[in-house]
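K.L.:
Based on what follows, work out the 3D shape:
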Amino acid sequence: MQEAVEVIRANKYGADARARILAGVQQISQAVCSTLGPAGRWVLFDHQGLAISTKDGVTVAREINLPDQYENLGARMVKAAAGQAVDEAGDGTTTATLLCHAIYEAGCKAIDEGAEPVQLVRGIERAVKDVVGNYDLAAKKFSGGILESLAVPCSPELAFQAARISANGDEGIARVVSEAVLKVGVDGALTIGDSYSQDHSVETVEGMQIKAGYAHPYLITDVQRNRAVYERVTVCLIDNRINNADEASRIMQAAIMAAKGKSRPYNIIVFCNEIDKQAMENVLTNKLRRESPIPIVVVQTPLWGDARRDLLEDIAILTEAQRIESGRGKSYEGLTANDFGYAEKVVVTATTTILTASKPSEFYVDKKLNPYLDKLRTIINDTSLRPDQIDAAKGRLAALTGGVAEIKVGGTSIESVRQVKFQVEDAIHATRAAVSEGVVPGGGSALLFAGEGAEAAVCVDDDVTDEGRGYWLLLGCLQRPIMKIAENAGHNGEKIVQQVKEANAIYSGTDRGGFDAATGAFLPDMIDAGIVDPLRVVRAALNSAASAASVLLKTEAILGRETTNQLPVAGR
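P.N.:
Numbering: from 1, shown residues only. The predicted structure follows:
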């Protein structure tokens, strides 16, 4: 009988290691970057037995796993760069993938010609800093840099254009997305639902957004979007720690009885101060069991003391629940239906929870909700309070009165609606990024002209040092997005870049000209033409791409895993 023996070997070094990594980077780049621009292609793949066709770069990247373990390591680093861009700006996957490939490929060539990797990377990082600016820790965003000098504030029309481009030119999606984002603001609560017709629409409903996510990743229900989504939900507010499995069981059983008593499905959301490991294991066991699983998500409240109490009271007034605390003398065995609230829908990600409440009765509005809001207004107008107390009350009032904007997506079939929802989600991220920090000329023009602008920062000795080579290397890669957009539209990328530079010089050097791949025309002002990219997205794409490529360029060895089958030694 054969015995499987796993052997770990560090058997890829130097140029050989870089070649295998580069092969993986090239493969993921070829698939993802084929989607770039208005003439980008679609990608077809199998997902859990379904044939999926998409032009969404992040979806394509997630599905790529290469059979060669060494090449797959390179592909995984690119996926990490794309994921970082999405985390920072909600978009930019394809551009991050393209730039990571370009930087790593050029860097490998430089190293093979004798450049020292650490010095090369230092030059790349210096160039990136000149282009994207410095990170302001207090403001939690980047400021300065050449890209910012090309940006303009985002008007409602430009918000629409940013949404349209992200939605692959679909003006119906762009209209509802830009309307929704402008209605609730950059940090406002937005959800996506189904329309009862083929048209898309925006509807504002009662609800609020909370800056706290699920307590455990196994609680998610939508693996592709990494979130938990439930409709018709029983709400439980525990202003205490759930200490053990018994307490968790009592809470779940009481919530189920409350839901059954009102003829509702027993979908449950539990807010608590903290949950014990044993209690969480009990929750997961009940949620993941095969027979009669309990659909539940647990959220740990993010605040402390009075702020936590106030947040739970705000949720309570919105959902008509009771804040359950140890000081009331209640045991979880004695919970009744009146202790639980109700939400039409909850969407819980790793960092946020959106509660969509049902429309309250006129009696409830008059007797409870309005007096509660008036109490907050009184706090806001009380000049004897500290500024932070007044600001907190303003935030609570805005959260309770702002509501949740729901984009209702229509279509001719379940599959078409599903595809449109992906486009809507991308457009929301792009529009929020545009509104928050402004827009730059699109179609790859911003990076192209940022590269030209950075040439002024080049040191005298940058032509002879490895650090200088890294600086020039990065600037050269900034023209790759416009080249790829042109190539996907059937044009010669290098010629288009040269023609854009020449056309821009003719138009007084505004650094806003570019190439419209949809029409094949050269435009004097991409922003005026409505071809824009959110500044935050472009920054995030370049930052994440350069970071991942720099790590790969400093990699000299790959530790691989190989499994061999060996016969047992005789006599053992």
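
K.L.:
any weak-confidence spans in the stretch 101-250 of the chain?
P.N.:
Scanning the stretch 101-250 of the chain with the threshold set as pLDDT under 70 gives 138-140.

K.L.:
Please enumerate the helices of it.
P.N.:
Ranges of helices within the stretch 101-250 of the chain are 117-132, 146-149, 156-166, 171-184, 245-261, based on DSSP state H, counting those that start in this stretch.

K.L.:
Quick one: residues contacting A82.
P.N.:
For A82, the contact set (Cβ atoms under 8 Å, 6 or more residues apart in numbering) comprises V32, G57, V58, A61, G92, T93, T94, A96, T97, C100, S544. Every C-beta, even on glycine, is put in place using the N, C-alpha and C of the backbone.

K.L.:
Relative to Y364, which of those is nearest.
P.N.:
Proximity of the contacts of A82 to Y364 (Cβ to Cβ) peaks at V58, which lies at 41.9 Å.

K.L.:
Where does the closest one sit: helix, strand or coil?
P.N.:
At V58 the chain is in helix, as set by DSSP: H, G, I helix; E, B strand; the rest coil.

K.L.:
Excluding chain neighbours, give the residue nearest to it in space.
P.N.:
Take V58 and drop its neighbours on the chain: the residue closest to it by Cβ to Cβ, 6 or more residues apart in numbering is T93, 4.0 Å away.

K.L.:
repeat for A245
P.N.:
Nearest residue to A245 in three dimensions, chain neighbours excluded: N282, at 3.8 Å (Cβ to Cβ, 6+ apart).

K.L.:
check contacts around that neighbour.
P.N.:
Shown in contact with N282 (Cβ under 8 Å, 6+ apart): A245, A248, S249.

K.L.:
part of a helix, is it?
P.N.:
Yes: counting by three-state DSSP, N282 falls inside a helix.

K.L.:
Distance check, it against L237.
P.N.:
Using Cβ to Cβ, to the nearest Å, N282 is found at 19 Å from L237.

K.L.:
name the helices or strands packed onto the longest helix anywhere in the chain?
P.N.:
If you go by DSSP state H, the chain has its longest helix at helix 414-437. Helix 414-437 sits against strand 50-54, helix 69-89, helix 156-166, helix 171-184, strand 189-194, strand 404-409, strand 532-534, helix 535-553, with contacts defined as 3 or more Cβ pairs under 8 Å, 6 or more residues apart in numbering; DSSP states H and E.

K.L.:
Export those as JSON lines, with columns for distance to A505.
P.N.:
Formatted as JSON lines, the helices and strands packed on helix 414-437 follow (distance: least, Cβ to Cβ, whole Å):
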{"stretch": "strand 50-54", "distance to A505": "39"}
{"stretch": "helix 69-89", "distance to A505": "31"}
{"stretch": "helix 156-166", "distance to A505": "25"}
{"stretch": "helix 171-184", "distance to A505": "33"}
{"stretch": "strand 189-194", "distance to A505": "42"}
{"stretch": "strand 404-409", "distance to A505": "43"}
{"stretch": "strand 532-534", "distance to A505": "22"}
{"stretch": "helix 535-553", "distance to A505": "22"}
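
K.L.:
follow-up on the earlier one: let's have the contacts of N282 in JSON lines, adding distance to E487.
P.N.:
As requested, the contacts of N282 are exported to JSON lines (distance: Cβ to Cβ, whole Å):
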{"residue": "A245", "distance to E487": "59"}
{"residue": "A248", "distance to E487": "56"}
{"residue": "S249", "distance to E487": "60"}
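
K.L.:
nearest to L474, of the residues you listed?
P.N.:
Using Cβ to Cβ, A248 is the member of those that lies nearest L474, at 52.3 Å.

K.L.:
Surely L98 and L36 touch.
P.N.:
Yes: using Cβ atoms under 8 Å, L98 is in contact with L36, at 6.7 Å.

K.L.:
about what we covered before: for the helices and strands packed on helix 414-437, which one sits closest to R41?
P.N.:
Minimum separation from R41 across the helices and strands packed on helix 414-437 (Cβ to Cβ) falls at strand 50-54, 10.3 Å.

K.L.:
Please point out which parts of that closest one sit buried.
P.N.:
Of the residues in strand 50-54, those buried by neighbour count under the rule 16 or more other Cβ atoms under 10 Å are I52, T54.

K.L.:
can you check stretch 169-183 too?
P.N.:
In stretch 169-183, counting by 16+ other Cβ under 10 Å, buried: D170, G172, I173, A174, R175, V176, V177, S178, E179, A180, V181, L182.

K.L.:
any idea how far S166 is from the fourth one?
P.N.:
The one in question is A174. Distance from A174 to S166, by Cβ to Cβ: 8 Å.

K.L.:
okay, and the common contacts of those two?
P.N.:
A427.

K.L.:
So what's the residue count around the nearest residue to N72 once chain neighbours are set aside?
P.N.:
Leaving aside its sequence neighbours, N72 sits nearest to L66 (Cβ to Cβ, 6+ apart; 4.1 Å). Neighbourhood size, L66 [other Cβ atoms under 10 Å]: 16.
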